[in-house]
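Asker: Okay, here's the prediction I keep looking at, along with the sequence it came from:
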Amino acid sequence: MARIHDLPYELLLSIFDQLQPSERRRSLLSFLGMNKVFHRFAVPQFYRDLVLHAWDTSDHLEEFYDDIQELREGGLGEKDMIYGRNVKIWDSPSPQFVGYGSSKKLLSENWEIFRYRKEWVEEFENIPLPEKPDEMEAQPLEVWETLAATLKSFKNIYNLIWVCQKRFPPCLLRTIHENHKNCQLHLRTFLPRRVSKDGMDHQLDKELVESSNLHSITFKLPWPIRPVTFEEEKRLCRHEIAVLQLVANAPEIRHVNIVTGFDTSGALYPNYISSQRRRRTEVWKPKNDAKKSLLYEMITLPEAIASNRRISSTLPSGLVAVFIGGTSGVGEYTLKAFVKYAVSPRVYLVGRSQESADRIIKECTQVNSGGKFEFIKADISLLKNVDEVCNQLKKRETKINILFETQGTMAFDKKTSEGLNFAIAVCTHSRIRFILNLLPLLRKADHLRRVVSVAAATCEGAIDLNNVTGVGMSLLPWRNQTASIQTLLLEEMAKRAPEVSFVHTVPGVVKSGILRDAQGTGMAIRIAISKLLMPLIATSPAESGERHTFVATSAVYPPGKQGGEAYAGVPLQGNLTTARGTDGKPGSGVYSISNKCEVASPKVEELLATFRKDGTAEKVWDYFSADFKRITGVEVPL
C-alpha cells in the first residue's frame, strides 16, 4: 500500500502545486500541547481574525514572541496571520501585547496588535466545556452553540483559524455561511469522521470540504504506531484517497499540509510529524480536471488475494501460462501463487537453471497435483533461441492465456553473439519477440488473454533516440528510458492484438537474481547498500506473488477492444474498478502499474502522449523491428 510520502512527486505536484510547510517544530511541541491538552478558550483578534484553540501554553511566552516574528515572514495566504495560542490579546487604542497578567510592548510597523479586553475573555473562559475533553467529536455540545451565537454578534470575521483538538462543529460552519460569507476558514487540525473506498463519506465532512470558505487545511493521516495490520493499512489507504478527494473538490482551497499522526489515544492530534517537506511555490489553484487524480486507485493486498481466490470459480480449468524467467525472483513467486488458485493449469517455465526449475516444479506439484508443469531450458538473450522456444510452445499448445515475462540482467557491458547489447537484448528484444511469436495463441484463448511484463513501470522517462540501447547511461536514466520503451512497445503490440491486454509492472524492492550479473565497483556498492536496506523496504515474496497473480488474472486490466471484457479475467467485485490505461482512459488495454497495483501518474501519461505525437513511439518500434529483421530475417515471426 503506497503512502502519501511514497506517491510519485509528479502526482503530488500536479495536485498540490504547494504543500504548506508544517508549523515550526518548537511550535508543535511547546504550543500545541500534544501530550497535555488544556481545554480552555481565549479569542485573540488580529485584523478581525479569530483564532479558536484548546491547549496549554504556560511558560512559553518568550517563544511566542519569537514565533510572531517568524510568522510575519510567511503565513497563510496573501497576508500573515499570527496565532494567539491561548494568550489574551484584544481591542485597545494602543498596540499592546498582554499574556497571563503581564504585558510587553511589541514593535510593529504594519500590524495593529490589540490589548486584552477582560470581559470578552471571561465570557469565553466561562463557557461550559465537555465532560470528556479528549474525545474528538465536537457536537452536539452546548459550548459550540454558545460560541456560534457569540460569533454572530461579531461585525466582520475575515479569517477563522481552527486549531482545537475537536473536529470542526457544524454550527460554526453554518454561522460562517450565514453571517460571515467572506470569512476564510483555516483548519489546522482535520481528520475525517468516516472514510470508505471513495474517501470521505460522512455528510458533515463533505459539507465542510465543499464550503467556499475553506481556504487552508492540515490533514492528519492516522498512522498506527504498532505493526500495520490489513485493516489499518486499508484505513490509511482510504484516508489518502480522502486527501485527493479534498483537493479535487474543495472549491477555494489554497494550502494543504499533510501530516502523519500516531494513533495512540482518543485525541485528534496526540502526536504528529510532517510527512511532506516542500519549498513554497505559487499558491495552488484548483483546476477542473483535478478530479481525474482520483483515478489513481490503490488496491490493497487483501483485495488482491480475494480476487485471486475467485480464479478457481470464475475461470475455466486448464489455463495455459508461460513464465519466461520463471526460475527465480518475481516469476517464481508469481508462479507459486498462481498454482494455489488455478484448476489443473498447464504451466511452462523458460529459463537457464535446470536445478531451480526442478525444485520449483516439485513444489508446485505438491501444491496443485492436477497441474502440469514443464521446463524449457534456453538462453533467451539470443533471438534465434527465443524463436525456437516459441516454436516448441506452438507445437504443444493451441492457445495461451497468460504470458508472464520477468527476464532481466544488469550486465550492461556485454554483447550477445548476435551483436546486441546484452542487457537490452534480455530486457526488451527477447520480451517483444516472445510476444510477437505468441500473439496468435494468445488471441485464441478463452476467458483470459493477458501479457505481463515485469520491468520498470510508472518510471517512464526521457528517451534518447541516438542511444536507444542506453549504452553508457547511468542507472536511473537507463531505467527510465527502458521503462518508456517497454510501455511504447506494449502499445504497439496492442495495436496488433487489441483483444489481448498488456500490463507493464514494476516489482519494487524484492529478492531476485537480477543482480547476479552486475559488474563494476559502483554496482557493487549499490548492491551492498540494497542488501542492508532490504529488510526495511522490501516487498515480501508472498506479497509480490499475490499481487502479480492479481495483475495477471483480474478484470481490473481488460483488453482495449470493445467486448474485451469477455477475455478480461476474474470479474470485478467489491471496491475494484477498471484501471486507467497508459492513454489516460479506463480499460484501454495497456497499463503501467506500480508494485502496489496503482496506475502511472498523469505526468507519465502526458509523457507517453508526447512520444506518440512527436513520432518517438514509431521510431522506437522501427529500431527494434530493424534488429529483428537483421538478425532473424523477418520483422514479425509467422
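Answerer: In hand now; what should we look at? Residues are numbered from 1 along each chain as shown.
Asker: Domain-wise, how is the chain divided?
Answerer: 4-289, 301-631 (automatic domain parsing).
Asker: mean confidence score for the longest one?
Answerer: Per-region confidence: domain 301-631 scores 90 on mean pLDDT.
Asker: Then stretch 217-226?
Answerer: 66.
Asker: which stretches of the stretch 51-200 of the chain have low pLDDT?
Answerer: Scanning the stretch 51-200 of the chain for pLDDT under 70 picks out the ranges 51-144, 146-147, 150, 154-156, 163-166.
Asker: rerun at 50
Answerer: Per-residue confidence for the stretch 51-200 of the chain (pLDDT under 50) gives these ranges: 51-134, 138-140.
Asker: residue contacts, the nearest residue to residue 388 once chain neighbours are set aside?
Answerer: In space, residue 388 comes closest to residue 378 once its chain neighbours are excluded; the distance is 7.2 Å by Cβ to Cβ, 6 or more residues apart in numbering. Any C-beta I mention is one placed from the backbone N, CA and C, and that applies to glycine too. Taking Cβ atoms under 8 Å, 6 or more residues apart in numbering as the criterion, residue 378 is in contact with 350-352, 385-386, 388-389.
Asker: Just the buried ones among these, please.
Answerer: Judged by neighbour count, with 16 or more other Cβ atoms under 10 Å as the criterion, the buried members of the contacts of residue 378 are 350-352, 385-386, 389.
Asker: I'd like to know how far the nearest residue to residue 437 once chain neighbours are set aside sits from residue 449.
Answerer: Spatial nearest neighbour of residue 437, chain neighbours left out: residue 390 (3.5 Å); criterion: Cβ to Cβ, 6+ apart. When distance is defined by Cβ to Cβ, to the nearest Å, residue 390 is 17 Å away from residue 449.
Asker: Could you check which of these two has the larger neighbour count?
Answerer: Taking neighbours as other Cβ atoms under 10 Å, residue 390 and residue 449 compare with residue 449 leading, 29 against 21.
Asker: Surely the more buried one touches residue 403?
Answerer: No. Taking Cβ atoms under 8 Å as the contact criterion, residue 449 and residue 403 are not neighbours in contact, 9.4 Å apart.
Asker: residues shared between the contacts of the two?
Answerer: Here residue 449 and residue 403 share the contacting residues residue 442, scored by Cβ under 8 Å, 6+ apart.
Asker: need the longest helix for the protein.
Answerer: Counting residues, the longest helix found in the chain (DSSP state H) is helix 475-496.
Asker: Sort out which residues of that helix are buried, please.
Answerer: Judged by neighbour count (16+ other Cβ under 10 Å), helix 475-496 contains these buried residues: 478-494.
Asker: For residue 341, grab phi and psi.
Answerer: Residue 341 has phi and psi values of phi -110, psi -30 when expressed as degrees, to the nearest 10.
Asker: For the residue nearest to it when sequence neighbours are not counted, which residues are in contact?
Answerer: Closest residue in space to residue 341, ignoring its immediate chain neighbours: residue 311 at 4.0 Å, by Cβ to Cβ, 6+ apart. For residue 311, the residues meeting the contact criterion (Cβ under 8 Å, 6+ apart) are 341-343, 549, 553, 570.
Asker: if we go to 6 Å?
Answerer: When the contact criterion is Cβ atoms under 6 Å, 6 or more residues apart in numbering, the partners of residue 311 are 341-342, 553, 570.
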